[in-house]
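okay, here's the prediction I keep looking at, along with the sequence it came from:
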Amino acid sequence: MEERASGGVLLISVGDVIKRRRVLMSHVGLMAGMEATDVPGSSSPKPGLAICGDLMVATGGTKFLAARFKEPSKDDLFIYDCTTSKELQDNQGKDGKSAGKASSEILASAFSSSGTYFALTDDNKQLILFRAKPCWECLSIRSVVRRCTSLIITAAEDKILVADKSGDVYSFSITEPENAGTIELGHLSLLLDVALSPDDRYILTADRDEKIRVSLIREPYNIVSFCLGHREFVSRIFVIPNYPGLLLSASGDCTLRLWEYRSGKEVHCCQLNTLNKCETTKNEKKYTVSRITYCCEGNYIAVLYDRIPTVSIFQLDTVAQTLTDKQHISLKHNGWGIAFEETGGLWILQENKQTPLLFYQPVDGQWQPASEERGLMKMPKYIHDNWTMFEGSIGKGSCYQNLYKSSFDNMAVYLQKKQERILQHKSKRKEPQHESDRQTKKIRTEAPSL
């Protein structure tokens, strides 16, 4: 495409911009057609846990199971397997196999704010929409362009916003569930999370390159601000629902930060590796937050770490705009997911078949394990009985291990190469001397005796 100058302004066609963007993306390994295992940070997806009202969903592998956990006497278990979707079967029927290494494992999922809808994306590039009330029903199965990392449903419950590994965000209609997606915005870096303001005015995106971008959802090209300060990839972002001007973010730099995101101002920072007392590690990079959950009653925040069996609980002081360290819960097994009830009860999904689901309730400002007399323990039984869906995730490594900046000691490498050059130079100097000694000895041997 042509570029032409007009009045001192360089004009570039949209097609050329897209072409150049693809070239840049190819240099960072994010071109279309790559398998999930080829993309930085892609590992076997971890199971997850979500609660909305009295609904609880646990995802693992290609399946999710859901039930109303506050009705212990009612057996309302719903299980869905992404490998059984009609669209997947139709696609596989064309050539008898699926493309690449797609496994239909669930990559991301989310409830709508009212709990009416539930959406998920899988490794086979499917976006599946369900109606969860009054009973579970699959509404649509659509294809996405790239494998996705995060999704969220608007407060108006009319759109699903999906962030993918190429750095793009697409919107999919809920009211017209058969319509294809529309691209809304794009980054030049891998997107790790997406969030919305409660009034659906702002869309926030977090990427591998330490940035949090704030844009207008109706005009995504209009960037309101950047929240800059993290020194590693931004793993999670969360807009505080009852204080919609505040944003919580977590990163591979072991920090949990609070922002006034509309201005891009950082108001508080917690260094997680210095606060945590339950787990010691020499590698600070391991303190990466993989899950964030929030309870409006008391303004409590719970975070789960990647591959560290600890849950940390903070309280938001909205006047001082700070985070107060309240408690660290040490687990016997690595955690997969966490979720608060509306009343402050904390559920933890962990990597153990015998006790897959733990429940902690607040007692005098501290969370204590709940007794089994609570009568709401049918979800642990459901998970235990369907444990095969989680077996593929047991013992898996970090999802973030390939996202950290590469670092190396320049001086050590320089000194090592310098020593190698010195030794090589010395060996070259010795070889001519040895050859000269041999020649001298030979001449003396051949000289005639007098």
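Cool, the structure landed.

any regions of this structure where pLDDT drops low?
Filtered on pLDDT under 70, the chain yields the residue ranges 1-44, 71-74, 86-102, 276-285, 372-376, 408-409, 430-450.

how does it divide up, domain by domain?
With automatic domain parsing as the criterion, the domains of the chain are listed as 15-393, 412-440.

hey, which of those is tucked in deepest?
domain 15-393 (a mean of 18; mean count of other CB atoms under 10 Å). Every residue, glycine included, has its C-beta placed from N, CA and C.

rewinding a little: turn the domains of the chain into a markdown table, including distance to residue 401.
Listed next are the domains of the chain as a markdown table, based on distance: least, CB to CB, whole Å:
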| stretch | distance to residue 401 |
| --- | --- |
| domain 15-393 | 7 |
| domain 412-440 | 23 |
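
nearest to residue 403, out of those?
domain 15-393 (4.4 Å; CB to CB).

I'd guessed residue 127 sits against residue 172; true?
Yes. The pair residue 127 / residue 172 is scored as a contact, 6.0 Å apart, by CB atoms under 8 Å.

joint contacts of those two?
Jointly contacting residue 127 and residue 172 under the rule CB atoms under 8 Å, 6 or more residues apart in numbering are 142, 160, 162, 181.

which of those residues sits closest to residue 233?
Nearest to residue 233 among the shared contacts of residue 127 and residue 172: residue 162, at 19.2 Å, using CB to CB.

any chance you could read off phi and psi for residue 418?
Backbone torsions for residue 418, taken as degrees, to the nearest 10, come to phi -60, psi -40.

now residue 356: how far from residue 348?
10 Å (CB to CB, to the nearest Å).

which residues of this structure fall in helices?
14-27, 86-95, 272-275, 378-385, 410-446 (DSSP state H).

related to what we said a few turns ago, tell me which of the domains of the chain lies nearest to residue 404.
Nearest of those (CB to CB): domain 15-393, 5.6 Å.

just the endpoints, please. Distance across stretch 312-323?
12 Å (CA to CA, to the nearest Å).

next one: stretch 288-305
Length of stretch 288-305, first residue to last, CA to CA: 6 Å.

which residue ranges form the strands in the stretch 201-350 of the chain?
202-207, 212-216, 223-227, 234-239, 246-251, 255-260, 265-271, 289-295, 300-305, 310-317, 322-330, 335-340, 346-350 (DSSP state E, counting those that start in this stretch).

on that earlier part again, of the shared contacts of residue 127 and residue 172, closest to residue 363?
Set against residue 363, the nearest of those by CB to CB is residue 160 (38.3 Å).

quick one: the closest one and residue 178, what's the gap?
From residue 160 to residue 178 the distance is 13 Å (CB to CB).

same thing with residue 201?
Counting by CB to CB, the gap from residue 201 to residue 178 is 28 Å.

cool, residue 69 as well?
Applying CB to CB to residue 69 and residue 178 gives a distance of 32 Å.

residue contacts, residue 139?
Counted by CB under 8 Å, 6+ apart, residue 139 has contacts 129, 130, 131, 177.

hang on, isn't the third one packed against residue 116?
Read it as residue 131. Yes. Residue 131 is in contact with residue 116 according to CB under 8 Å; the separation is 6.5 Å.

quickly list what's touching both of residue 356 and residue 348.
With CB under 8 Å, 6+ apart, residue 356 and residue 348 have no common neighbours.

report the beta-bridge partner residues of residue 329.
Counting by DSSP bridges, residue 329 forms beta bridges with residue 311.

how about residue 266?
Under the criterion used here (DSSP bridges), residue 266 is bridged to residue 259.

residues contacting it?
With CB under 8 Å, 6+ apart, residue 266 has these contacts: 227, 229, 257, 258, 259.

please repeat the previous calculation with a cut-off of 7 Å.
The neighbourhood of residue 266, defined by CB atoms under 7 Å, 6 or more residues apart in numbering, consists of 229, 257, 259.

list just the nearest of these to residue 414.
residue 229 (32.1 Å).

and the closest residue to the closest one other than its chain neighbours, how far from residue 228?
Using CB to CB, 6 or more residues apart in numbering and skipping residues adjacent in sequence, the residue nearest residue 229 is residue 266, 5.0 Å away. According to CB to CB, residue 266 and residue 228 sit 8 Å apart.

and if you look at residue 119?
30 Å.

swap in residue 417?
Distance from residue 417 to residue 228, by CB to CB: 36 Å.

repeat for residue 387
43 Å.

same thing with residue 255?
For residue 255 relative to residue 228 (CB to CB), the value is 13 Å.

over to residue 321?
18 Å.

and residue 336, by the same measure?
31 Å.

check residue 64 too.
Relative to residue 228, and taking CB to CB, residue 64 is found at 36 Å.
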